[in-house]
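Visitor: Sequence first, then the predicted structure, then my questions.
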Amino acid sequence: MIRTFIAVAIPETVRQQIGKLQTELKTIGGKVRWVKPDSMHLTLKFLGEVPEGDIEKIGNQVQQAIESVEPFALQIVGSGCFPNSKRPRVLWLGISGQADVLKKLAKRIEANLVKLGFRRERREFTPHLTLGRVKSISGIAPLIEKMGLLDFDSEPFEVREILVMKSDLKPTGAEYSVLRKIPLSSN
(Lines give C-alpha, C1' and ligand atoms only; values in the text may rest on other atoms or scores of the structure.)
Protein backbone atom coordinates (compact mmCIF):
# COMPACT_ATOMS: atom_id res chain seq x y z
CA MET A 1 0.00 0.00 0.00
CA ILE A 2 1.18 3.49 -0.86
CA ARG A 3 0.09 6.61 1.07
CA THR A 4 -0.92 8.82 -1.85
CA PHE A 5 -2.09 12.35 -2.59
CA ILE A 6 -2.51 14.73 -5.53
CA ALA A 7 -0.60 18.02 -5.37
CA VAL A 8 0.90 21.08 -7.01
CA ALA A 9 4.62 21.69 -6.50
CA ILE A 10 5.89 24.96 -5.02
CA PRO A 11 8.95 26.38 -6.82
CA GLU A 12 12.26 26.43 -4.94
CA THR A 13 12.45 30.25 -4.89
CA VAL A 14 9.01 30.50 -3.26
CA ARG A 15 9.88 27.77 -0.73
CA GLN A 16 13.00 29.78 0.18
CA GLN A 17 10.87 32.90 0.78
CA ILE A 18 8.56 30.86 3.01
CA GLY A 19 11.55 29.36 4.84
CA LYS A 20 12.75 32.87 5.73
CA LEU A 21 9.27 33.70 7.03
CA GLN A 22 9.27 30.53 9.16
CA THR A 23 12.67 31.43 10.61
CA GLU A 24 11.23 34.79 11.68
CA LEU A 25 8.08 33.20 13.15
CA LYS A 26 10.06 30.58 15.10
CA THR A 27 11.69 33.37 17.14
CA ILE A 28 8.27 34.29 18.58
CA GLY A 29 7.87 30.94 20.32
CA GLY A 30 4.99 28.53 20.65
CA LYS A 31 5.00 24.77 20.23
CA VAL A 32 4.69 24.22 16.49
CA ARG A 33 5.89 21.40 14.25
CA TRP A 34 6.99 23.43 11.24
CA VAL A 35 6.74 21.99 7.73
CA LYS A 36 10.19 21.81 6.15
CA PRO A 37 10.36 24.17 3.15
CA ASP A 38 11.66 21.31 0.96
CA SER A 39 8.44 19.39 1.71
CA MET A 40 6.00 22.19 0.91
CA HIS A 41 3.31 21.60 -1.70
CA LEU A 42 -0.37 22.38 -2.29
CA THR A 43 -2.46 19.28 -1.64
CA LEU A 44 -5.46 19.00 -3.96
CA LYS A 45 -6.71 15.63 -2.70
CA PHE A 46 -5.42 13.21 -0.06
CA LEU A 47 -6.17 9.60 -1.00
CA GLY A 48 -4.65 7.68 1.91
CA GLU A 49 -3.33 4.12 1.58
CA VAL A 50 -3.72 2.92 -2.01
CA PRO A 51 -2.75 -0.43 -3.57
CA GLU A 52 0.32 0.01 -5.78
CA GLY A 53 -1.63 -1.40 -8.74
CA ASP A 54 -4.13 1.50 -8.55
CA ILE A 55 -1.56 4.28 -9.04
CA GLU A 56 -1.80 4.11 -12.85
CA LYS A 57 -5.63 4.32 -12.76
CA ILE A 58 -5.39 7.28 -10.39
CA GLY A 59 -2.95 9.04 -12.72
CA ASN A 60 -5.23 8.38 -15.69
CA GLN A 61 -8.26 9.84 -13.87
CA VAL A 62 -6.24 12.93 -12.89
CA GLN A 63 -5.08 13.28 -16.50
CA GLN A 64 -8.69 13.15 -17.74
CA ALA A 65 -9.74 15.71 -15.13
CA ILE A 66 -7.11 18.24 -16.18
CA GLU A 67 -7.51 17.82 -19.94
CA SER A 68 -7.79 21.21 -21.64
CA VAL A 69 -6.68 23.08 -18.49
CA GLU A 70 -3.84 25.40 -19.43
CA PRO A 71 -1.00 26.47 -17.13
CA PHE A 72 -2.10 29.13 -14.64
CA ALA A 73 -0.53 31.56 -12.16
CA LEU A 74 -0.67 31.41 -8.37
CA GLN A 75 0.84 33.42 -5.55
CA ILE A 76 1.18 32.65 -1.83
CA VAL A 77 -0.34 35.53 0.18
CA GLY A 78 -1.86 36.18 3.57
CA SER A 79 -2.06 33.81 6.52
CA GLY A 80 -4.39 32.25 9.02
CA CYS A 81 -5.19 29.29 11.26
CA PHE A 82 -7.48 26.27 11.01
CA PRO A 83 -10.01 25.87 12.45
CA ASN A 84 -9.70 29.40 13.94
CA SER A 85 -7.37 31.68 15.90
CA LYS A 86 -8.92 30.73 19.26
CA ARG A 87 -8.08 27.03 18.83
CA PRO A 88 -5.38 26.95 16.17
CA ARG A 89 -4.25 23.54 14.95
CA VAL A 90 -2.81 24.41 11.54
CA LEU A 91 -0.93 27.58 10.57
CA TRP A 92 -1.33 28.32 6.87
CA LEU A 93 -0.54 30.72 4.06
CA GLY A 94 -3.24 31.62 1.55
CA ILE A 95 -3.35 31.33 -2.22
CA SER A 96 -4.20 34.08 -4.69
CA GLY A 97 -3.81 34.64 -8.40
CA GLN A 98 -5.89 32.16 -10.38
CA ALA A 99 -7.04 30.34 -7.25
CA ASP A 100 -10.45 29.83 -8.90
CA VAL A 101 -8.73 27.65 -11.53
CA LEU A 102 -7.06 25.67 -8.72
CA LYS A 103 -10.43 25.16 -6.99
CA LYS A 104 -12.07 24.05 -10.23
CA LEU A 105 -9.19 21.66 -10.88
CA ALA A 106 -9.47 20.15 -7.38
CA LYS A 107 -13.22 19.67 -7.88
CA ARG A 108 -12.73 17.95 -11.25
CA ILE A 109 -9.96 15.71 -9.89
CA GLU A 110 -12.13 14.71 -6.94
CA ALA A 111 -15.12 13.96 -9.20
CA ASN A 112 -12.95 11.67 -11.33
CA LEU A 113 -11.42 9.92 -8.32
CA VAL A 114 -14.87 9.27 -6.83
CA LYS A 115 -15.40 7.04 -9.90
CA LEU A 116 -12.57 4.85 -8.56
CA GLY A 117 -14.25 4.57 -5.16
CA PHE A 118 -12.50 7.38 -3.28
CA ARG A 119 -14.67 9.35 -0.87
CA ARG A 120 -15.78 12.87 -1.59
CA GLU A 121 -14.45 15.40 0.95
CA ARG A 122 -16.99 16.60 3.51
CA ARG A 123 -15.62 20.13 3.38
CA GLU A 124 -15.15 22.34 0.36
CA PHE A 125 -11.56 22.56 -0.90
CA THR A 126 -9.77 25.57 0.65
CA PRO A 127 -6.51 26.30 -1.17
CA HIS A 128 -3.73 26.83 1.37
CA LEU A 129 -0.15 25.95 2.12
CA THR A 130 0.47 24.44 5.56
CA LEU A 131 3.23 26.29 7.43
CA GLY A 132 3.07 24.26 10.61
CA ARG A 133 0.93 22.26 13.01
CA VAL A 134 0.31 23.54 16.53
CA LYS A 135 1.35 20.95 19.14
CA SER A 136 0.03 22.91 22.14
CA ILE A 137 -2.02 26.09 22.42
CA SER A 138 -0.19 26.95 25.64
CA GLY A 139 1.92 30.05 24.88
CA ILE A 140 0.81 30.22 21.24
CA ALA A 141 -1.05 33.58 21.48
CA PRO A 142 1.90 35.84 20.46
CA LEU A 143 2.53 33.71 17.36
CA ILE A 144 -1.15 33.71 16.40
CA GLU A 145 -1.24 37.49 16.85
CA LYS A 146 1.78 37.82 14.54
CA MET A 147 0.13 35.50 11.99
CA GLY A 148 -2.85 37.86 11.93
CA LEU A 149 -0.57 40.80 11.12
CA LEU A 150 1.53 39.08 8.45
CA ASP A 151 1.86 40.83 5.13
CA PHE A 152 3.42 37.99 3.15
CA ASP A 153 3.42 37.91 -0.66
CA SER A 154 5.50 35.35 -2.52
CA GLU A 155 6.62 35.91 -6.05
CA PRO A 156 3.95 34.68 -8.51
CA PHE A 157 4.57 31.27 -10.08
CA GLU A 158 3.08 29.22 -12.88
CA VAL A 159 1.48 25.83 -12.36
CA ARG A 160 2.38 23.63 -15.34
CA GLU A 161 1.71 20.15 -13.96
CA ILE A 162 -0.19 18.15 -11.37
CA LEU A 163 1.65 15.54 -9.30
CA VAL A 164 0.62 12.15 -7.97
CA MET A 165 2.69 11.94 -4.79
CA LYS A 166 3.76 9.30 -2.30
CA SER A 167 4.11 10.05 1.41
CA ASP A 168 6.39 7.91 3.59
CA LEU A 169 5.88 8.53 7.30
CA LYS A 170 9.23 8.53 9.12
CA PRO A 171 10.10 9.38 12.75
CA THR A 172 11.66 12.62 11.42
CA GLY A 173 8.47 13.55 9.54
CA ALA A 174 6.85 12.70 6.22
CA GLU A 175 9.05 12.24 3.16
CA TYR A 176 7.46 12.90 -0.21
CA SER A 177 8.29 11.58 -3.65
CA VAL A 178 6.68 12.04 -7.06
CA LEU A 179 4.99 8.97 -8.53
CA ARG A 180 3.74 10.69 -11.68
CA LYS A 181 3.86 14.14 -13.27
CA ILE A 182 0.85 15.09 -15.38
CA PRO A 183 1.40 18.19 -17.52
CA LEU A 184 -1.35 20.74 -18.05
CA SER A 185 -2.48 21.40 -21.61
CA SER A 186 -0.14 23.52 -23.72
CA ASN A 187 -2.74 24.41 -26.38
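Guide: Received, thanks. Numbering: from 1, shown residues only.
Visitor: next SSE after the helix or strand where K135 lies?
Guide: Taking DSSP states H and E as the criterion, K135 maps to strand 128-136. Going down the chain from strand 128-136, the next helix or strand is helix 141-149, by DSSP H and E.
Visitor: How much space separates the residue nearest to P83 when sequence neighbours are not counted from F82?
Guide: Leaving aside its chain neighbours, P83 sits nearest to R89 (6.6 Å; criterion: C-beta to C-beta, 6 or more residues apart in numbering). Backbone N, C-alpha and C define where each C-beta goes, glycine included. Separation of R89 from F82 (C-beta to C-beta, to the nearest Å): 6 Å.
Visitor: So for those two, which residue has more residues nearby?
Guide: Neighbours per residue (other C-beta atoms under 10 Å) separate R89 from F82, with F82 holding more: 16 against 12.
Visitor: beta partners of the more buried one?
Guide: According to DSSP bridges, the partner residues bridging F82 are V90.
Visitor: Which strands or helices does the lowest-mean-pLDDT helix or strand in the chain pack on?
Guide: One helix or strand of the chain scores below all others by mean pLDDT, DSSP states H and E: helix 141-149, with a mean of 88. On a contact count with 3 or more C-beta pairs under 8 Å, 6 or more residues apart in numbering; DSSP states H and E, helix 141-149 meets helix 12-26, strand 72-82.
Visitor: Tell me the buried residues in the helix or strand that comes right after that helix?
Guide: Once the chain leaves helix 141-149, the next helix or strand it forms, by DSSP H and E, is strand 157-159. By 16 or more other C-beta atoms under 10 Å, the buried positions in strand 157-159 come out as F157, V159.
Visitor: And for stretch 105-121?
Guide: L105, A106, K107, R108, I109, E110, N112, L113, F118.
Visitor: go on, stretch 119-137?
Guide: So stretch 119-137, judged by 16+ other C-beta under 10 Å, has buried residues F125, P127, H128, L129, T130, L131, G132, V134.
Visitor: Ok, stretch 84-92 next?
Guide: So, applying 16+ other C-beta under 10 Å, buried residues of stretch 84-92: P88, V90, L91, W92.
Visitor: Give me the below-cutoff pLDDT ranges for the chain.
Guide: 187 (pLDDT under 70).
Visitor: ok, back up a step: including distance to G173, could the buried residues of stretch 84-92 go into CSV?
Guide: Shown next, in CSV, are these (distance: C-beta to C-beta, whole Å):
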residue, distance to G173
P88, 20
V90, 15
L91, 16
W92, 17
